[in-house]
Structure formats: C-alpha cells, structure tokens
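*Asks:* can you look at this prediction? I've put the sequence above it.
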Amino acid sequence: MKGLGSLAWRSAWSRRYSLSWVALSIALATFLMLSLEQMRHDVRRHFAQSVSGTDLIVGARTSSTALLLYSVFRIGNATQNIRWSSVQALSADPAVAWVIPISLGDSFRGYPVVATSEALFQHWRYGDQQGLELAQGSPFRDVFDAVVGAEVAQRLGLQVGQPLTLSHGSGDFQASDHDDKPFTTTGILARTGTPVDRSVHISLQGMEALHVDWVAGMPARKGLSADQARAMDLQPKSVTAVLVGLKSRAAVFSMQRSIAAFQAEPLMAILPGVALDELWQNLATGEQALELMVWVVAIVSLLGLVAAISAGLEQRRHELAVLRSLGAGPARVFVLLLTEGLIITTTATLAGVVLTVLILLGLGDWTGQHYGITVSLRGPLDSQLAMLAGVVLAGVAASALPGWRAYRLSSVDGLQPRQ
Amino acid sequence: MTPAPALQIRDLRFRWPGQTHDCLHIEALTLHAGQGLLVRGDSGCGKSTLLSLAAGVLLASSGQISMLGQDWRALGASRREQRRADHVGYLFQQFNLLPYLSLIDNVTLPCRLSALRSRRCGGQVRQQAEQLLEALGLGPDLWQRPAAQLSVGQQQRVAAARALVGQPELVIADEPTSALDERRRDEFMQLLLHQCERAGSALLFVTHDHRLSGHFDQVLEMPRRSESGA
C-alpha cells in the first residue's frame, strides 16, 4: 500500500501561500533568537578578550577590580603607583618573560594617554593571542612621539605627522594642558576592538618629560622647554601598573604569591581572566536583560507560530473530514499533520540558521568597525542548539493541535463535510 | 451457504440522545450483492441517518443493521473505521474531492487507505482507476487535471469512480444527482448502475427525487416524520 507521503506533499503545495508565511515567521523567529544569543555571547567574549596572553597584572594594593579597570579598561585612577625599582626587580625575576609597564593619568581630548615601553608592541595580546599592528606609521621612537588607537585616529581625524597637545588628568582644565611640549603622531594602530583603540600611546620617557617640571600636580612657574626636558634624565620614577608575561604559565600562582609578599613596597598581582570574570559578574545585569530579551523573543515567536498554524486549521477542516470519511483513521491523519509540521518547521528553522549566518557574516565586519565587537561564527553555541530544538518542538506541537482536533472530529462530521 | 447480504436490517430503531421518539424505524430490509436499493424520502425524514447507520458511523439504538453479515454494533470504533474503508464506497452529495489532487489521485485515494481495496485491483490500482474514469466518460486528457478545475458533472463522475474503485461490496450514494439537470442525471444513473453491476457492488442510493425509482430493484419509501425537527 502506498503511503500518504505524496498526498501530504500535494496538500501542502496547494496551501503553499499560507504555509510560506508560517515558514517565513519561523525563519525570522529563529534568526532573531540565534542572532540575539550570538550577540549576547560575543559581547561577553569581547569583554573577556580585551586582554589575553598577559599572565599577571601588577599594581599597588587595591581591589582586583579597580586594578583591572584602570590597567585594562582605562577606567578610574590608581591611588598608588609602583616604584620603577620594583618594575626592574620584576623584570629581572627568572620566571618573568616580559613586562609592559604602563603609566596613566594624562589624556588627549578625552582619550586616555598610556605611557608604556616598546614591549607593548611586542608582547601585548588580545582576543586570540593577536598582537598590535600598525595601520600606518611606526611605533614611538622619540620622546615626543605618540601612537594613537584606531578609534582616536578615526574620531579626531588624525594623520601620521600631526601634532598632539596632551592634557594633564582628564583634560577638564585648560590650564593643565601640556601645550609647551607637543607630541607628534608617528603611528596609528589597526583596530583591535579593545580599549587600546581609545588610547594614545607614548613612551614612559615622554610621560616623564611632560611632568619633569611639574611639582605637586601643577606646572612649575618656570617651565622647561621640550628640548630642555629632552636633555634631562627621563628615567621614570614610578608607573601605574605592570603587565607581566611569564615563561611558564604554571608559575602564575607562585609568582602571584611572591609579588604579594614583595618586600620593598606593598604590591598585588591579579590574574586577568579571573578578574575579568569577577568584573563581569558585577556587570551581568545588562547581560541578563539581553538574555531575558532572547527568551521573550523566543516565546513571542513560538506563540506566533502556534497562531499561524491554528489559523490554517479551519482551512484544512474540510480536507481532513474527507480523508476521515474515506477511511483514514485518526492516527493516520494525526501522523499526516505532524509530518507536515515537522517538515515545515525544520525547513524554516534551517532557513533561519542560513539567514543568521549570512547576516552575521555581512554584519561581522561592520560591528567590528563600529563597536569593536567581531561577531564570530565558530559553530553553534549550546544555548543556540537548545533554541533550535525548542523551535522545532514547538512547531511540531503546534501542528499537533489540528491533529488533535482531527482526532476528535467525529466520523459523522466526515460523512457530511461542509464545503 | 449463500453469501451474507451486503446490507441487512432487522427492526432497526434509532433516536438521537435526549430525544423521546425514534427518528428512524425500519422493520426489515435486505440488499444483496449486485442489487440496487433506492431510499426515497423528503428532507428531514432520516435518510442521512440511515446512510450513517449503514456505513457504521452511527450505531443503532436497537435492532440490527449488519454489513456482510457483521453487525456494526459488535465492532469497536477503529474496527468500524477499517471495515468501512475496506468494504464501503461512499458517494457524497457534495462529491468531496480533494481539490489539489488530480482526477486519478482522487480516484485511487481509497486504495491508499485500504489494503484490501488495493489488492482487489490486482496491484493495478491506477489502471483500474483509468478504466473507471474512461467508462464514466472522462478521457485521458483530463486525468492529470486537478479536481478543482472540473465541472460539476465531471466532479460527480470522479466521485463515483472513487466510490467504485477496488470493488467495495457496498456503494452508498447520498443524493449525488441533486446538482444535475435531467438529461445528465439519467445518463449518470445509467453509468453508476452499470458500474456497480460490473463490480458486483450493492448500491444503496438515497434521494428525494421520485423520478429515479425506475432504475432500482427495490425502493424504500421513507415515511414523513410526524414530529417536528430534523
């Protein structure tokens, strides 16, 4: 006996117009759910990858979140600095592969100025162990050279060779401008999607030169010119924090302990990954809101799906009655409906997946350019797989609804079907 | 032993739940294979109820109505369902073709739902469907057309072919000629009776039309019911 497969197909084909709307709504719901979830995931990943490859961040004793915030995200200020001698001691430690000292405090038109060493360009990593790359120009060589982040360059329209006047502190007071010692843009960094994009990088010597004639946070009355400053000893006396790379990651905890027990001054070392996680916990409200959104979208979409399928039921009432009257038992009619539901939901869900992939591929560059968030397509997340399963299940359940009605449809109804 | 009649009724009574009077009472009736029975009555006399009882869709309140020697009341719902699919061809007043299927597929539909009717075609369901359509005056040029594109008269003949395919023992026709003009009606009756005869099917035909009586071996005149309501 031939099955009802071709019958189901031709029945569906005859209703292709309304069914395609159902399929479209399922596909769009799938797309919405998947892309929101992907975004949620990528925002988190983006956050978690703003620094990588750094084993320890060392600073004066404070909370680990505060240290992370100012050393990585340039948010807030350090209350205490680290002596240069401590930095030298750290870099001399046999377990240490490299150190990147950073000194903060100045700004350029609202963007933080980070004084650091050339080690930044060699050792600093973000994302998947990606290093910094220059889009234009070269790293700083001279005392008054500056390398600006991609966003700074873009927003302020900076070109290589252009002069910069840095400001002391956050730059709120014009009087605290370092206009006596202008810097020159020598390089523009490629976009990283990290706080580096919003930073202006200068050498530690440059930072020292800016403040060599400052006393207690104010410019001395008789300032020195740039050339005079250049001639002085520009060895920094202190820095804000040090990023440390170890020769072996296995040494990270013993190193952390030995830094905590540092004799010359009170220091602390944090593991960036752990501190990022802690910080993320504090910021999780936003993420939870996004997650809630994902669920609301999911529920609304699935309700829409049930509504669309139920609306199609009246259309099929006559057809089902005819089948029943010709001897198709309720179980067969039920299977017929369920099969159709399964096929449509699966096809539409797949279309939604394809749509998501295409749009995220197209959008990935754009969000990367504008928000520094690169949307990844590294295979589905577990949560996304669960969502796909949810959509298919709900679709099948929704198509079982008319099946249940058909089951209850009496045979009397079947013998006298209304047209 | 003679084969059991296609349809046999003994002291059949039926009343809807909650009613005080029987809406149907038939003392005795026997319909043998290859015979035709016309049930004539005005609207509301219980014709459709009788058909539902004959097809095992409704069950008698008392008395017996059996098809091929099997009382419908003795069977469960799914057994009745299967038995109906296997042995009853039903020709509806509104034809009830599936509009999206071609003529051929509409006709072969009962064979998809009943293994027995499929077997009776000797594995040549399609050929039998084609023969029936041909015999009913629907040529090969129409066979692949969707049923929705046919005229009323053509739909009727497709519905008849569907009721006849796989030689069911009992063909039940519920006012199938009500939409036809006189000439077409007589032509259709000839075709239907001839095909039933060929297939050896008993025909239970319901109508309100007096003029069809001449076509049948037996005529059952349904009494007008005294009480109101239908």
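*Replies:* Cool, the structure landed. Numbering: from 1, shown residues only, chains lettered A, B, ... in the order given.
*Asks:* what are the structural domain limits within chain A?
*Replies:* A:5-47+A:284-415, A:50-282 (automatic domain parsing).
*Asks:* can you give me how far the last one is from the chain middle?
*Replies:* Going back to what we said before, that points to domain A:50-282. Put simply, domain A:50-282 sits 23 Å off its chain's centre (C-alpha atoms, centre = their mean, to the nearest Å).
*Asks:* which one of the domains of chain A has the lowest average pLDDT?
*Replies:* The minimum mean pLDDT among the domains of chain A belongs to domain A:5-47+A:284-415 (a mean of 77).
*Asks:* contacts only, for the closest residue to chain B within the stretch 201-350 of chain A.
*Replies:* As assessed by C-beta to the nearest C-beta, chain B sits closest to A:G327 within the stretch 201-350 of chain A, at 2.3 Å. Every C-beta, even on glycine, is put in place using the N, C-alpha and C of the backbone. For A:G327, the contact set (C-beta atoms under 8 Å, 6 or more residues apart in numbering or on different chains) comprises B:E81, B:Q82, B:R84, B:A85, B:D86, B:P110, B:L113, B:S114.
*Asks:* narrow the residues you listed to those in helices?
*Replies:* B:E81, B:Q82, B:R84, B:A85, B:D86, B:P110, B:L113 (DSSP state H).
*Asks:* nearest to chain A, of the residues you listed?
*Replies:* Comparing the ones in helices among the contacts of A:G327 against chain A with C-beta to the nearest C-beta places B:A85 closest, at 2.3 Å.
*Asks:* quick one: the nearest residue to that closest one once chain neighbours are set aside from A:L338, how far?
*Replies:* In this structure, B:A85 finds its nearest non-sequential neighbour in A:G327, 2.3 Å apart by C-beta to C-beta, 6 or more residues apart in numbering or on different chains. Note on A:G327: its distance to A:L338, by C-beta to C-beta, to the nearest Å, is 19 Å.
*Asks:* secondary structure class for residue 43?
*Replies:* Just going to use chain A. helix (DSSP: H, G, I helix; E, B strand; the rest coil).
*Asks:* wait, chain B was what I had in mind.
*Replies:* Going by three-state DSSP: B:S43 is coil.
*Asks:* so it versus chain A, what's the distance?
*Replies:* 14 Å (C-beta to the nearest C-beta, to the nearest Å).
*Asks:* ok, that residue touching B:T207?
*Replies:* No - counting by C-beta atoms under 8 Å, B:S43 does not reach B:T207; the two are 11.2 Å apart.
*Asks:* between the two, which one's more packed in?
*Replies:* B:T207 (22 against 10; other C-beta atoms under 10 Å in any protein chain shown).
*Asks:* in the sheet, who's paired with that one?
*Replies:* B:R40 (DSSP bridges).
*Asks:* helix or strand right after the helix or strand that contains A:L19?
*Replies:* Here A:L19 sits within helix A:16-48, counting by DSSP states H and E. Next helix or strand after helix A:16-48 toward the C-terminus (DSSP H and E): strand A:56-60.
*Asks:* up against chain B, what does the stretch 201-350 of chain A have?
*Replies:* For the stretch 201-350 of chain A, the contact set with chain B under C-beta under 8 Å from any C-beta of the partner chain comprises A:H318, A:E319, A:A321, A:V322, A:L323, A:S325, A:L326, A:G327, A:A328, A:G329, A:R332.
*Asks:* can you name the two of those that are farthest apart?
*Replies:* Greatest spatial distance among those (C-beta to C-beta): A:H318 and A:G329, at 18.2 Å.
*Asks:* for chain B, just list every one of the strands.
*Replies:* B:7-14, B:24-31, B:36-40, B:62-67, B:70-71, B:88-91, B:170-174, B:202-207, B:218-221 (DSSP state E).
*Asks:* rewinding a little: so the residue of the stretch 201-350 of chain A closest to chain B: helix, strand or coil?
*Replies:* At A:G327 the chain is in coil, as set by three-state DSSP.
*Asks:* so the nearest residue to A:S91 once chain neighbours are set aside, which state does it fall into?
*Replies:* In space, and not counting its chain neighbours, A:S91 is closest to A:V99: 4.4 Å by C-beta to C-beta, 6+ apart. Three-state call for A:V99 (three-state DSSP): strand.
*Asks:* what's the neighbour count on A:V99?
*Replies:* For A:V99, using other C-beta under 10 Å, the count is 22.
*Asks:* now the angle from the helix or strand A:G352 falls within to helix A:16-48?
*Replies:* Using DSSP H and E, A:G352 falls within helix A:330-371. With axes from the mean of the first three to the mean of the last three C-alpha atoms, to 10 degrees defining the directions, helix A:330-371 sits at 40 degrees from helix A:16-48.
*Asks:* other SSEs contacting the following helix or strand past helix A:330-371?
*Replies:* Proceeding N to C from helix A:330-371, the next assigned helix or strand is helix A:382-408, under DSSP H and E. Here helix A:382-408 touches helix A:16-48, helix A:284-325, helix A:330-371, going by 3 or more C-beta pairs under 8 Å, 6 or more residues apart in numbering or on different chains; DSSP states H and E.
*Asks:* wait, does stretch B:62-71 contact chain A?
*Replies:* No - judged by C-beta under 8 Å from any C-beta, stretch B:62-71 makes no contact with chain A; its nearest approach is 13.8 Å.
*Asks:* I figured B:A85 hits B:L113, correct?
*Replies:* Yes - judged on C-beta under 8 Å, B:A85 makes contact with B:L113 at a distance of 5.1 Å.
*Asks:* need the residues touching each of the two.
*Replies:* Common neighbours of B:A85 and B:L113 (C-beta under 8 Å, 6+ apart) are A:L326, A:G327, A:A328.
*Asks:* residues contacting the last one?
*Replies:* It stands for A:A328. A:L4, A:L336, B:A85, B:L113.
*Asks:* ok, which pair from the residues you listed is furthest apart?
*Replies:* Across these (C-beta to C-beta), the longest gap, 15.1 Å, separates A:L336 and B:A85.
*Asks:* ok, B:P17 - how many residues close by?
*Replies:* The burial count for B:P17: 5, using other C-beta under 10 Å.
*Asks:* got it, and the one 3 residues further on?
*Replies:* Close neighbours of B:T20, defined as other C-beta under 10 Å, add up to 6.
*Asks:* okay, it: pLDDT?
*Replies:* Confidence score, pLDDT, at B:T20: 83.
*Asks:* right, and B:D22 touches B:F14 too?
*Replies:* Yes - proximity of B:D22 to B:F14 meets the contact threshold set by C-beta under 8 Å, at 6.4 Å.
*Asks:* who's more crowded, the two?
*Replies:* B:F14 (22 against 17).
*Asks:* and that one, what does it touch?
*Replies:* B:D22, B:C23, B:L24, B:H25, B:G46, B:T49, B:L53, B:L58, B:A60, B:S61.
*Asks:* burial of residue 36, as a residue count?
*Replies:* Reading this off chain A. Neighbours of A:L36 using other C-beta under 10 Å come to 19.
*Asks:* try chain B instead
*Replies:* With other C-beta under 10 Å as criterion, B:G36 counts 22.
*Asks:* swap in A:R324?
*Replies:* So A:R324, with other C-beta under 10 Å, has 25 neighbours.
*Asks:* if we can go back for a sec, which members of the contacts of B:F14 are classed as buried?
*Replies:* Neighbour counting over the contacts of B:F14 (16 or more other C-beta atoms under 10 Å in any protein chain shown) leaves B:D22, B:C23, B:L24, B:H25, B:G46, B:T49, B:L53, B:L58, B:A60, B:S61 as the buried ones.
*Asks:* quick one: pLDDT of the third one?
*Replies:* Residue-level confidence at B:L24 comes out at 85, pLDDT.
*Asks:* how far away is it from chain A?
*Replies:* Applying C-beta to the nearest C-beta, the value for B:L24 to chain A is 14 Å.
*Asks:* for the second one, same thing?
*Replies:* Distance of B:C23 to chain A, given as C-beta to the nearest C-beta: 14 Å.
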